[in-house]
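**Student:** what follows is a predicted protein model with its sequence.
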Amino acid sequence: MAWGRKKGSGRKEPQFGLGASLAELRLGPQDRVPAGDDETPRKPSSRRKASEPDDDDRDEAPRERKPRPSRANRTRRSKTRARIGFYRLFYWGAVLGLWAAIALVGVIVWVGAHLPAIQSLEIPKRPPTIQIVGFDGSVLATRGEMAGANVSLKELPPYLPRAFIAIEDRRFYSHYGVDPIGIARAAVTNILHRGVSQGGSTLTQQLAKNLFLTQERTLQRKLQEVELALWLERKHSKSEILELYLNRVYFGSGAYGVEAAAQRYFGKSAKNVTVAEAAMLAGLVKSPSRLAPNRNPEGAEKRAQTVLTAMAEAKFITEAQAKASIGHPSYNVKAAGAGTVNYVADWIGEVLDDLIGQVEQNIVVETSIDPKLQAVAEASVIDELAAKSVKFNVSQGALVAMTPDGAVRAMVGGRNYADSQYNRAVTAKRQPGSAFKPFVYLTAIEAGLTPETIRQDAPLDVKGWKPENYSHEYFGPVTLTQALAMSLNTVAVRLGLEVGARNVVRTAHRLGISSKLDANASIALGTSEVSLTELVGAYAPFANGGQGVTPHVVTKIRTAEGKVLYARLPDQLGQVIEPRHVAMMNTMMQETLLSGTARKAEIPGWIAAGKTGTSQDFRDAWFIGYTASLVTGVWLGNDDNSPTKKATGGGLPVEVWTRFMRSAHQGVPVAALPGSQAGGLFSNFAQAASQVSAPSAPPAAAPSAPQAVSGATRPAPTRTSVRPEAAAGLDGWLMDRLFGR
């Protein structure tokens, strides 16, 4: 119903159907079809007045055309839209920033949760250093992390820490642990070089990594490094951080800290390094294993020149100093530790746990090693092998020298420690051959036999086993002294069977052999394997009068402050050989050096004794000899147990032993072996004279037979080039001594 129209009084009845639905239908102007272009618009009917619209027109008035907005309105609307867009950008930026902050906090919390425990975030203790010194107090080797003593910045020359700052972190004093400028510079440089050519880590970050983290290259470790760097900067001053860094950073070759590195590479304290040496040390941090000057001197020098240039650019040194250091380097790089004394150091490392338990602090291990004798032993083995290893097909050698009480004075575990760290003096076990026979003869002596007891040298069959002498010759009845001196196998086997193999094994174990020995007939020929060190230790009772000893090298262990952690007490093994039996054995083994298989082994003025040994197929060559001052054993052979070219115990091992022992006894007061007579030469002269026999010509048709010797018999003076027999009578003995026949 239109507004303003009076309400009619007539009653309207409801309509239904199509008529009802169309009753109220009205068409407006917008519903009308416009006239075509060619049609003339229809004039309004004159019946109606323009000012008087009908009822329908009142209800459906035509829409008014909106006016076009002005330019000012359009500008105002654009500003409104921009303002709304800015507000929206600010809003969403704030939302994203808030979420980014939440994510950052979450990452920090997550990284922090994987850091070491709070109570462990303290400067960790330096790994323990084991310093090994000789009996004269000189340093022989260093084990553990090989860390030097802590040095303060005040003790170092000023250019040393500046060298590290110049090449590693020139903005060290300007940042707070992390250097965004340095990171950006490194990123740009790496992009330009299409690779990683620069790092953005600060000295503080490097210290955090070295102290608390691993070296893995992961994002987590990098984030942890950043957090710890900030923590270090808050907790410590710049000077403290720099000092910690210099004392903890790794310089290659096992050296941690500038003091250890300076000692390792230049043989001097870090307090005394030159500008050039300081530059070299600073250059090592980038790649210590690759640039270590004892391995790559050219690379180390080139890197040092880069450091010197950086120091000059940072005004830490003058251009003149840089040029002088580059032009005249004073590097005095020490050779890598490849000396044979490292075999001793390794042996000490193996026994430390048994002596003091786990090493948790810096310790000093005092040893019985004589540095001078160690050098002589090393030269004796290496030089002799260099001269004759090809001739005899011998590739390795070992030497152990100890005092009669078991204190090791020198040990060579191999030809070259750098090539092989396997200790052939302690770890390797080989067949000693005839060097084992003294235990057989001692068992026989203890059973009641004497050096002059006669036994038959003749072919022997032991359940199908037929031992033979080296020369395949047999001399019939011989004394035990002659049999031992000439190393007659058949006599040794007969004695072993006579006294019992088990008793021989007991004797060897009583004297110090710790390896398992098989109690069979072949034990008399040294078929069970032993180490050189235990064999030399088992000979020591012959040199000290029969006292049991334990080979040892550690005499005392103390802390760096001087607290004693271990001090060796004298052995309590007691008497393992009766003195009279010692005297008999020494008399017999002296003959080995005088007329037996070791005649080349002579020490002017000294009485010496010993025994040679050669294993089957010439695989091992031994000589164990001793005086009242020193017991020394030498082994030569090949690691793969391959045969040598007939290298025997009386050949190359005796030459090595003689060279070493002559030098070791220079200036040492002469002393006689237990039970031997003073004067040595006359003692043997009298012994030889007592054995002179009246010559008796054998029957013409008979082969050479043994000659009678004062109620006994001696072998005929038949000689071979390798196994000389005992001299026949006084004439033969004199000819050997005076004219070297």
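**Tutor:** Arrived safely. Residues are numbered from 1 along each chain as shown.

**Student:** the closest residue to residue 314 other than its chain neighbours: what secondary structure?
**Tutor:** Counting by C-beta to C-beta, 6 or more residues apart in numbering, residue 166 is the residue found nearest to residue 314 once chain neighbours are left out, at 4.6 Å. The C-beta positions use only the backbone N, C-alpha and C, and glycine is treated the same way. Following DSSP: H, G, I helix; E, B strand; the rest coil, we place residue 166 in the helix state.

**Student:** spit out the contact partners of residue 166.
**Tutor:** Applying C-beta atoms under 8 Å, 6 or more residues apart in numbering, we find residue 166 in contact with 282, 307, 310-311, 313-314, 316.

**Student:** again, only this time at 6 Å
**Tutor:** Going by C-beta atoms under 6 Å, 6 or more residues apart in numbering, residue 166 touches 310-311, 314, 316.

**Student:** buried subset of these?
**Tutor:** For these, a burial check counting by 16 or more other C-beta atoms under 10 Å picks out 310-311, 316.

**Student:** show me which of those is closest to residue 576.
**Tutor:** residue 311 (67.2 Å; C-beta to C-beta).

**Student:** just list what the helix or strand that contains the closest one packs against, helices and strands only.
**Tutor:** Secondary structure assignment for residue 311, by DSSP states H and E: helix 297-313. Using 3 or more C-beta pairs under 6 Å, 6 or more residues apart in numbering; DSSP states H and E as the contact test, the elements touching helix 297-313 are helix 159-168, helix 275-284, helix 288-291, helix 319-327.

**Student:** list the buried residues in that helix.
**Tutor:** By neighbour count on 16+ other C-beta under 10 Å, the buried set for helix 297-313 is 300-301, 303-305, 307-312.

**Student:** picking that back up, of the helices and strands packed on helix 297-313, which stretch is the most buried?
**Tutor:** Stretch with highest mean neighbour count among the helices and strands packed on helix 297-313: helix 275-284 (a mean of 28; mean count of other C-beta atoms under 10 Å).

**Student:** what does that one contact?
**Tutor:** With C-beta under 6 Å, 6+ apart as the test, helix 275-284 has contacts from 159-160, 163-164, 167, 251-252, 261, 266, 291, 300, 303-304, 307-308, 321, 325, 329-330.

**Student:** now stretch 227-240
**Tutor:** 153, 173, 176-178, 204-205, 208, 212.

**Student:** residue 665: neighbour count?
**Tutor:** 18 (other C-beta atoms under 10 Å).

**Student:** for it, grab phi and psi.
**Tutor:** phi -100, psi 0 (degrees, to the nearest 10).

**Student:** kindly report the same for residue 257.
**Tutor:** Phi and psi for residue 257, reported as degrees, to the nearest 10, are phi 90, psi 150.

**Student:** can you give me the distance of it to residue 251?
**Tutor:** Distance, residue 257 to residue 251, by C-beta to C-beta, to the nearest Å: 8 Å.

**Student:** same thing with residue 105?
**Tutor:** 39 Å.

**Student:** so those two - more neighbours on which side?
**Tutor:** residue 251 (26 against 10).

**Student:** over to the closest residue in space to the more buried one that isn't next to it in sequence. Which of the three states is it?
**Tutor:** If the residues on either side of it in the chain are set aside, residue 251 comes closest to residue 261, at 3.6 Å by C-beta to C-beta, 6+ apart. Three-state call for residue 261 (three-state DSSP): helix.

**Student:** and residue 261, how many neighbours?
**Tutor:** Residue 261 has 31 neighbouring residues, counting by other C-beta under 10 Å.

**Student:** next, residue 142: secondary structure please.
**Tutor:** Classification of residue 142 using three-state DSSP returns strand.

**Student:** beta partners of it?
**Tutor:** Assessed by DSSP bridges, residue 142 has beta-bridge partners residue 131.

**Student:** with residue 149 as the reference, measure out to it.
**Tutor:** In terms of C-beta to C-beta, residue 142 sits 12 Å off from residue 149.

**Student:** could you do residue 87 as well?
**Tutor:** Relative to residue 149, and taking C-beta to C-beta, residue 87 is found at 66 Å.

**Student:** between the two, who's got more neighbours?
**Tutor:** Taking other C-beta under 10 Å, residue 87 and residue 149 do not tie; residue 149 has more neighbours (15 against 10).

**Student:** how far away is the closest residue to that one other than its chain neighbours from residue 470?
**Tutor:** Nearest residue to residue 149, sequence neighbours excluded (C-beta to C-beta, 6+ apart): residue 259, at 5.3 Å. Between residue 259 and residue 470 the computed distance is 58 Å (C-beta to C-beta).

**Student:** between the two, which is the more surrounded one?
**Tutor:** Neighbours were counted for residue 259 and for residue 470 using other C-beta under 10 Å; residue 259 has more, 22 against 17.

**Student:** just checking, that one touches residue 155?
**Tutor:** No: contact criterion C-beta atoms under 6 Å: residue 259 and residue 155 do not qualify, at 9.5 Å.

**Student:** mind checking which helix or strand the closest residue to residue 150 other than its chain neighbours is in?
**Tutor:** Beyond its immediate neighbours in the sequence, the residue positioned closest to residue 150 (C-beta to C-beta, 6+ apart) is residue 247, lying 4.9 Å away. Applying DSSP H and E as the criterion places residue 247 in helix 238-248.

**Student:** what's the answer for residue 373, then?
**Tutor:** Assigned by DSSP H and E, residue 373 belongs to helix 371-392.

**Student:** ok, residue 397 next?
**Tutor:** strand 396-402.

**Student:** contacts for that strand?
**Tutor:** Residues contacting strand 396-402 (C-beta under 6 Å, 6+ apart): 377, 381, 385, 408-415, 424-425, 532-533, 536, 551, 630-636, 639.

**Student:** coming back round to it: nearest to residue 502, of the contacts of stretch 227-240?
**Tutor:** Closest approach between these and residue 502, by C-beta to C-beta: residue 212, at 61.2 Å.

**Student:** give me phi/psi at the closest residue to residue 626 other than its chain neighbours?
**Tutor:** Leaving aside its sequence neighbours, residue 626 sits nearest to residue 543 (C-beta to C-beta, 6+ apart; 4.3 Å). Dihedral angles phi and psi of residue 543 (degrees, to the nearest 10) take the values phi -90, psi -20.

**Student:** so, low pLDDT: which residues of the stretch 101-250 of the chain?
**Tutor:** 104, 106-127, 144-148, 179, 182-200, 212-224 (pLDDT under 70).

**Student:** try the chain
**Tutor:** For the chain, the ranges with pLDDT under 70 are 1-70, 104, 106-127, 144-148, 179, 182-200, 212-224, 327-338, 677-741.

**Student:** before we move on, the earlier item: quick check, distance from the helix holding residue 373 to the centre of its chain.
**Tutor:** Relative to the centre of its chain, helix 371-392 is centred 25 Å away, using C-alpha atoms, centre = their mean, to the nearest Å.
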